[in-house]
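# here's my sequence, what's the structure:
(one chain, ligands or ions: 1)
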Amino acid sequence: MTDFNYRPTMNVGGDGALYIGGMKAADLAREYGTPLYVFDEDQIRLMMRTYKGAIERHYGNGLPLYASKAFSCLSMYSIAKSEGLGVDVVSGGELFTAKKAGFPMKNVFFHGNSKTDEELKMAVDFRVGYVVVDSAEEAKILNDFAKEKGRVQNILVRVNPGVEAHTHKYVQTATNGSKFGFPIWDGRALGFTKEILGFKNLRICGYHCHIGSQIFEKQSFVVAAQKMVEFFASVKKECGFTPAVMNLGGGFGIFYEGDDPKMKPEDYDGFVAAISDAVTTGCKSARLKKPRLVIEPGRSIVGEAGITLYTVNTIKNASEDVRYVAVDGGMGDNPRYALYESRYTVLAAEKADAPATRKVTIAGKCCESGDMIAADVYLPDVERGDILAVLSTGAYNYSMASNYNRNVIPGAILVSGGKADVIIKKQTLSDLTRGDVIPQRIKNK
Ligand code: LLP
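Numbering: from 1, shown residues only. Predicted coordinates for the structure are as follows:
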């Protein structure tokens with residue numbers, strides 16, 4: 001039987017089937033069709049509460065944000081709002097969705113290394129709490145828009161603390177040469193701060209950094225926090241003000257498979273405790289007023305809460321030791337194997353307790369050899385029509401989905417206490433051609 005990170009709201013029942021949110025996964029698959037994203041509302045809320053409680057207990061003046069790039073839809077902003085979190089957004093699209101969900105704009109942090117003029121205008125128009133500025137051009141344009149509206153826009157500046165976190169190189173963000181942020185080690189972050197102070201319609205409230213994603217090492221976060229405190233002290237000394245906000249980003253790892261740590265809420269509480277302690281201690285010794293502490297977890301809030309259900313289509317022995325189980329989804333709904341060779345736990349949803357003796361690779365249906373969901377996983381024998389559950393797909397799956405091969409993007413349901421609700425409708429075939437136009441001159445030929 002395949003092991004995973006059991007929790008009260010996701011486990012294997014006496015009938016050997018996988019249950020999530022009090023519902024049998026295979027029943028959900030049959031009722032709503034596959035592929036299907038399923039989200040466990042209680043787990044999402046539990047994680048949000050964990051971060052909120054942890055920051056209050058260990059630090060005091062702080063706010064966790066939900067990094068909505070992990071999974072953005074109206075319901076997620078509603079849940080974050082009801083749990084009293086802020087959110088970070090990284091595009092006009094995420095900002096629009098947050099606004100449409102009625103999310104309080106004052107608790108929105110708008111990130112991005114390449115924001116468009118339209119996005120910056122939208123930020124000012126919507127009165128977002130903080131724009132996280134990542135370039136000189138952006139600062140100037142934002143200042144102009146704010147001036148036009150007769151407003152002063154709160155900003156944070158994204159800095160690069162130069163911390164090499166142990167994670168996939170595509171998701172490391174604070175290394176030398178990163179496209180994100182102003183380096184703090186060579187004076188560029190301080191120099192930019194001095195420039196910003198000359199902009200009358202921008203109010204610099206603090207700084208943001210994010211070292212990467214899927215990180216388990218507490219020490220990486222602690223080092224980043226320490227470097228930020230040192231940097232805050234140099235801002236006070238060189239620029240004559242004490243930054244009020246320190247946003248340390250997200251990046252806490254989750255369980256995907258095998259030897260990954262089986263993270264529990266108390267482990268995330270431990271991350272927050274370590275970060276809080278580093279900031280508190282650092283500020284004390286640097287004689288700095290403690291800033292408001294902001295963190296931005298995304299994956300750890302929604303990643304394990306989500307699973308994807310597929311139906312098995314074809315099974316093929318490609319060679320003596322490669323057996324493909326091909327499903328009705330693929331890189332369109334989960335591009336993470338194609339991008340990062342990500343690994344997952346896969347279960348046969350109705351035989352989750354059966355000995356998993358067969359080594360297989362779960363292949364997608366797209367016309368591309370690299371279109372896999374999970375390589376070399378163990379399953380019991382399965383056949384066409386069986387339902388597979390791929391675990392820990394709540395973060396960066398739907399949000400990176402595409403219509404490659406003109407497959408429709410699956411819908412998502414939210415489950416809790418034996419109830420299921422659609423939160424994203426499955427696309428229809430007509431959604432696929434909705435934006436298509438045939439120019440007259442082609443029609444006429
Ligand atoms: N804050 C900032 C500025 C970020 O760039 C990110 C993630 C987060 C917060 C949230 O990090 P988290 O807690 O989710 O690790 N597509 C990749 C992940 C990219 C992460 C991008 N930034 C994946 O599928 O693994």
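# tell me which residues of the lengthiest strand in the chain come out buried.
Looking across the chain with DSSP state E, the single longest strand is strand 306-319. Using 16 or more other CB atoms under 10 Å as the burial criterion, the residues of strand 306-319 that qualify are 306-312, 315. C-beta here means a position set from N, CA and C on the backbone, and glycine is covered the same way.
# so which of the residues you listed comes closest to the ligand?
Distances from the ligand to the buried residues of strand 306-319, taken as CB to the nearest ligand atom, are shortest for residue 306 (12.2 Å).
# tell me the contacts of the closest one?
37-40, 71, 392-395, 397-398 (CB atoms under 8 Å, 6 or more residues apart in numbering).
# show me what residue 424 is bridged to.
residue 412 (DSSP bridges).
# could you check how far it is from the ligand?
18 Å (CB to the nearest ligand atom, to the nearest Å).
# ok, residue 28 next?
24 Å.
# how about residue 402?
From residue 402 to the ligand the distance is 13 Å (CB to the nearest ligand atom).
# any idea which element that residue lies in?
Residue 402 belongs to no helix or strand when assigned by DSSP states H and E.
# can the contacts of residue 306 go into TSV with extra columns for neighbour count, pLDDT and secondary structure?
Shown next, in TSV, are the contacts of residue 306 (neighbours: other CB atoms under 10 Å; pLDDT from 0 to 100; DSSP: H, G, I helix; E, B strand; the rest coil):
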residue	neighbour count	pLDDT	secondary structure
37	28	99	strand
38	25	99	strand
39	29	99	strand
40	24	99	strand
71	29	98	coil
392	25	98	coil
393	29	98	coil
394	28	98	coil
395	26	98	coil
397	27	98	coil
398	24	98	helix
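# out of those, which touch the ligand?
Subset of the contacts of residue 306 in contact with the ligand: residue 395, counting by CB under 6 Å from any ligand atom.
# quick one: which of the contacts of residue 306 is nearest to the ligand?
The nearest one, if we look at those relative to the ligand and count by CB to the nearest ligand atom, is residue 395, at 5.8 Å.
# can you show me the helices along the chain?
25-32, 41-58, 74-82, 92-100, 117-126, 136-148, 188-197, 218-239, 265-286, 299-302, 336-340, 429-433, 440-443 (DSSP state H).
# tell me which of the ones you listed sits nearest to residue 15.
Of all these, the one in closest proximity to residue 15, counting by CB to CB, is helix 25-32 (10.1 Å).
# give the pairing partners of the longest strand of the chain; include direction for each.
Counting by DSSP bridges, strand 306-319 is paired with strand 36-40 (antiparallel), strand 322-327 (antiparallel), strand 387-390 (antiparallel).
# neighbours around residue 179, how many?
For residue 179, the number of neighbouring residues by other CB atoms under 10 Å comes to 9.
# which residues touch it?
residue 113.
# around the ligand, pick out the residues from the chain.
Checking the chain against the ligand by CB under 6 Å from any ligand atom, the hits are 67, 69-70, 88, 111, 171, 210, 213-214, 249-252, 296-300, 336, 395-396.
# so, low pLDDT: which residues of the chain?
166-174 (pLDDT under 70).
# can you rerun that using 80?
164-177, 444-445 (pLDDT under 80).
# now do stretch 346-362: everything it contacts.
Outside stretch 346-362, the residues touching it (CB under 8 Å, 6+ apart) are 1-2, 4, 12, 16-18, 25-26, 29, 309-310, 321-327, 372-382, 386-391.
# okay, which residue is most central for the chain?
residue 70 (2.3 Å; CA atoms, centre = their mean).
# any idea how far residue 283 is from the closest residue to that residue other than its chain neighbours?
What sits nearest to residue 70 in space, not counting adjacent residues and going by CB to CB, 6 or more residues apart in numbering, is residue 298, at 3.2 Å. The gap separating residue 298 from residue 283 is 26 Å, by CB to CB, to the nearest Å.
# and if you look at residue 75?
37 Å.
# try residue 104
Taking CB to CB, one finds residue 104 at 28 Å from residue 283.
# quick one: residues contacting the residue nearest to the centre of the chain.
Contacts of residue 70 by CB under 8 Å, 6+ apart are 298-299, 301-303, 394-396, 399.
# then residue 96?
So residue 96 contacts residue 122 (CB under 8 Å, 6+ apart).
# got the contact list for stretch 321-330?
Outside stretch 321-330, the residues touching it (CB under 8 Å, 6+ apart) are 34-35, 308, 310-318, 358-366, 371-373, 379, 382, 388, 407, 410.
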